[in-house]
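Chemist: structure for the following, please:
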Amino acid sequence: MPSLRSSSASAGPASPGRFTVRQSLALVWRTLRSMRTALILLLLLALASVAGSLIPQWPNSPDRVLQYLASHPLVGSLYDRAGLFDVFGSWWFVLITTLLFVSLVACIVPRTRALVRSLRQRPIQAREIDAFRLYEERVVPADPQRAIDGSRRVLKRRFFRVARDDGGRHGLAAEKGVLREVGSLLFHWSFLLLLVGVIYGKGTGFTGHAVVIEGQTWTDAQVNYDGQIRTGRFFDGRFTGAGIHLTGFEDTYRRTGQPMDFVSHVELLDPQGTVVRRADIRVNHPGTIDGLQIYQYGFGWAPVVQIRLNGQLLASDPIPFVQDPAPKGVPQLAMPWHGVLKLPSLRPQVGIRLELWPDSRAFLQQLRTGQPVPMLQEFEPFIRYSVYRGALTDDSTVSLDTTSMRAGPRGVVGADQTIDLRSGKPAAADARGLTIGFPELRQYSVFQVSRDRGVPLVMLAAILVLLGLLPALYTSRRKVWVRAEPNGSGTVLKVGGFALQRKSQFEEEFAKLVELMARAADVPAAHDKEPVGSR
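Modeler: You can find the predicted model right below:
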C-alpha cells in the first residue's frame, strides 16, 4: 500500500532554528561590532593579565613554577593544562587579544566613516521646528532677510556650523560640538595604538639583569646577563653590543638605616668601546643608549679575594656577594654578605664559603648588645671563611654544596691581610701552601636592562588619549534651526533646538541665543558688536 505522506515534505525549507554558515558568520560579525563585546573582551584581557602577574610564569621564573608544582601537584597540573603558567603565550590569551583588536576595529571604522560623512555634509534642515522641546518665537521689526543674516552672525560667533535653507524659505540649520565625536574616536584609536605599542614593544624586546662591578665594563650580550633573561615572543635574538662601565657607586642613608639615595656613575659605550656619554643612574632615573633602558635595580659589595698556592696566584677577582633575607624585625643592612670561591683546578678540589662584614664596628656592637646594627658604610671590613675539600658538584656562584666535601680550616681575614689557610696566621704573599688575601673592597650595581621599541608608540598613544578626553569635558553636541516668516511690516523669528549632552545647560544657552538673535535682527553686520561667546 503506498504511503500517504507527500514526497515533497522531506524536501521543504530548512528548519527556522537552523543557521547557515553565512548567517552564523554574520551573527559573529554583528557580535564583534558591539561595543559591549569589546568591553567584555577587555575585561577578560585584564583578568588574564592579573592571573599572569599573580601566578609564576615559565618565561620569568621557572624555579618558582617547579616549586609550585611540587607544593601543589593537583592544582599545579590543572594550571599547567590551562596555560596559566604561561598566560601571555597561551593560545587563549592570543585569541582574546586578536578578538579584541577585531572588535575595536569593527566598532571604530564605521563610526569614523560616519564622522567623515557628517563633516562633509552641511547641517540638515528640519521640517517642523516647533515640535522640539526647546522652541521660541519672537516678533522683530526687520525684514526676514535681515533677521536671518543677524541670526547667522550670532550662531557663527558662537562656533556653530551654519547652512542656509535652499528650499526658498528664509531659514538656517546650525550645529556644533562635532569635536566631541572627534575626541571620542581619537580616544578609541589611541587605545588601539596603545595596545599595538605594548604588544610590539614587549613582543620584540627583552629584559635582563646585569651585574657590574666598580672599574669593570659590561657588554650587552646574552651570555653576560645574570640569571634568566626574559625575551618577547618575537625577539630576533639580536643584542646591541653597547657597554656600561661603572666608575663608582654611592649610597646615602639616614641614621635609622632608611635609604635616601643610590646612584651609579657610569660611562655608556658604543659597540666599538667608545664613550658616548657619562650618566648618573638612580632609581626612576634610567640611562639610555641604543634603545636600551638601564635602571638601577640593586647593589652590593664585591670584595677582591686573592688565592695563592706556593706564591703562585690562582684567583684574584672581585666576587659579588649577596645577602640572605633578614628575619622579621631585623634591618636588612644588619645582615652579613656572603659568597663562595671555587677552585676546581686543585686536587682535591676546594670550595670556600665567605662571609663579609663591611663595618667591623657594627659587628662588635652586635656582639656586645645582642641587637642588630645596620652597616651603613665601609669601616675596617673583614671576611670570615670556611674551607671545604672534595668534589664540587654544583655550578652555582652564590652557594656551595658541601654534602660530598669535608670541612677544613676556618678563620678571619681582614682588609689588606694575607692568611695561611692551614695555620690561620698572617702570611707573606710568597708563603708556601694555600693562602687567602683580602686586598680591596669594591661595590657593584645590579642594572635592569630593557629594550622596548614600543615606548614611543605608547607615549604617543597616551598623549592622544588625553587630547581625546578634553573635548568630552568641554564640548557637547547642539543643534539649532531658525525660520524667519514675514508678519505684516515685521518678521516672526522661530527658533528650535536640542542638545545631545548637558541638556539642562543648553536651556539657558538656548534662551540667550534667542535673545541675541532677536537683537541682531535690526543691527547691520558692520555695526554688530555682539561679543564672542563660549562654546
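
Chemist: once you drop chain neighbours, what's closest to Arg384?
Modeler: Using C-beta to C-beta, 6 or more residues apart in numbering and skipping the chain neighbours, the partner closest in space to Arg384 is Glu355 (4.3 Å). For the C-beta atoms, the positions are set from N, CA and C on the backbone; glycine is no exception.

Chemist: the one you found touches Ile383, doesn't it?
Modeler: Yes - checked against C-beta atoms under 8 Å, the pair Glu355 and Ile383 is within contact range at 6.6 Å.

Chemist: in terms of neighbours, single out the busier of those two.
Modeler: For Glu355 versus Ile383, the count of surrounding residues by other C-beta atoms under 10 Å is larger for Ile383: 28 against 15.

Chemist: secondary structure element for that one?
Modeler: strand 382-390 (DSSP states H and E).

Chemist: go on, Arg153?
Modeler: Per DSSP H and E: Arg153 is located in helix 144-157.

Chemist: and His188, by the same measure?
Modeler: helix 178-204.

Chemist: from the contact counts, what lies against the helix or strand just after that helix?
Modeler: For helix 178-204, the succeeding helix or strand toward the C-terminus, using DSSP H and E, is strand 206-213. Helices and strands touching strand 206-213, by 3 or more C-beta pairs under 8 Å, 6 or more residues apart in numbering; DSSP states H and E, are strand 217-219, strand 230-231, strand 243-253, strand 434-451.

Chemist: looking at the ones you listed, which is buried most?
Modeler: Comparing these by mean neighbour count (mean count of other C-beta atoms under 10 Å), strand 434-451 ranks first with a mean of 21.

Chemist: could you verify my assumption that Phe510 touches Leu134?
Modeler: Yes - between Phe510 and Leu134 a contact is recorded at 4.8 Å, counting by C-beta under 8 Å.

Chemist: what is in contact with the two at once?
Modeler: Common neighbours of Phe510 and Leu134 (criterion: C-beta atoms under 8 Å, 6 or more residues apart in numbering): Gly497.

Chemist: more neighbours: which of the two?
Modeler: The neighbour comparison of Phe510 against Leu134 (other C-beta under 10 Å) goes to Phe510, with 22 against 19.

Chemist: for the more buried one, what is the enclosing helix or strand?
Modeler: Secondary structure (DSSP H and E) places Phe510 in helix 503-520.

Chemist: relative to helix 144-157, how tilted is that helix?
Modeler: Here helix 503-520 points in a direction 130 degrees away from that of helix 144-157 (axes from the mean of the first three to the mean of the last three C-alpha atoms, to 10 degrees).

Chemist: partner residues bridging Arg161?
Modeler: For Arg161, the beta-bridge partners are Glu175 (DSSP bridges).

Chemist: what's the answer for Ile244, then?
Modeler: Applying DSSP bridges, one finds that Ile244 bridges with Trp218, Leu268.

Chemist: tell me the SS of Arg138?
Modeler: Secondary structure, DSSP: H, G, I helix; E, B strand; the rest coil: Arg138 is strand.

Chemist: can I assume Pro409 sits in a helix?
Modeler: No - secondary structure of Pro409 (three-state DSSP): strand, not part of a helix.

Chemist: how far away is it from Arg308?
Modeler: Separation of Pro409 from Arg308 (C-beta to C-beta, to the nearest Å): 16 Å.

Chemist: of those two, who's got more company?
Modeler: Arg308 (23 against 14).

Chemist: who's in contact with Val87?
Modeler: Taking C-beta under 8 Å, 6+ apart as the criterion, Val87 is in contact with Ala48, Ser49, Ala51, Gly52, Ile55, Gln57, Phe93.

Chemist: okay, the residues you listed in CSV with secondary structure, neighbour count and distance to Asp165 next?
Modeler: Output for these, formatted as CSV (DSSP: H, G, I helix; E, B strand; the rest coil; neighbours: other C-beta atoms under 10 Å; distance: C-beta to C-beta, whole Å):
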residue, secondary structure, neighbour count, distance to Asp165
Ala48, helix, 19, 55
Ser49, helix, 13, 55
Ala51, helix, 16, 60
Gly52, helix, 19, 60
Ile55, coil, 16, 65
Gln57, coil, 19, 65
Phe93, helix, 19, 56
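
Chemist: for stretch 200-219, what is the average pLDDT?
Modeler: Stretch 200-219 shows a mean pLDDT of 94.

Chemist: chain center to it, what's the gap?
Modeler: How far stretch 200-219 lies from its chain's middle: 18 Å, per C-alpha atoms, centre = their mean, to the nearest Å.

Chemist: how about it: buried residues?
Modeler: 200-202, 204-214, 218-219 (16 or more other C-beta atoms under 10 Å).

Chemist: which residue in the contacts of Val87 has the weakest pLDDT?
Modeler: In terms of pLDDT, Gln57 ranks lowest among the contacts of Val87, with 86.

Chemist: quickly note the distance from Leu47 to Arg169.
Modeler: Distance, Leu47 to Arg169, by C-beta to C-beta: 58 Å.

Chemist: for Arg113, that is, sorry about that
Modeler: Counting by C-beta to C-beta, the gap from Arg113 to Arg169 is 32 Å.

Chemist: more neighbours, those two?
Modeler: Between Arg113 and Arg169, Arg169 has the larger neighbour count (other C-beta under 10 Å), namely 13 against 10.

Chemist: hang on, that one packs against Arg483?
Modeler: Yes - Arg169 is within contact range of Arg483, at 6.9 Å (criterion: C-beta under 8 Å).

Chemist: can you give me the buried ones in the helix holding His188?
Modeler: 179-195, 197-202, 204.

Chemist: and stretch 224-239, by the same measure?
Modeler: Applying 16+ other C-beta under 10 Å to stretch 224-239 flags Asn224, Tyr225, Ile229, Arg230, Thr231, Gly232, Phe235, Phe239 as buried.

Chemist: so what touches that stretch?
Modeler: 59-62, 88-89, 202-211, 218, 220-222, 446, 449.

Chemist: would you work out how far apart the start and end of it are?
Modeler: Stretch 224-239 has its terminal residues 11 Å apart, counting by C-alpha to C-alpha, to the nearest Å.

Chemist: make TSV from the helices and strands packed on strand 206-213 and add distance to Gly273 to it.
Modeler: Shown next, in TSV, are the helices and strands packed on strand 206-213 (distance: least, C-beta to C-beta, whole Å):
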stretch	distance to Gly273
strand 217-219	8
strand 230-231	25
strand 243-253	7
strand 434-451	18
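
Chemist: wait, which of these is closest to Gln293?
Modeler: Closest approach to Gln293 among those (C-beta to C-beta): strand 434-451, 4.7 Å.
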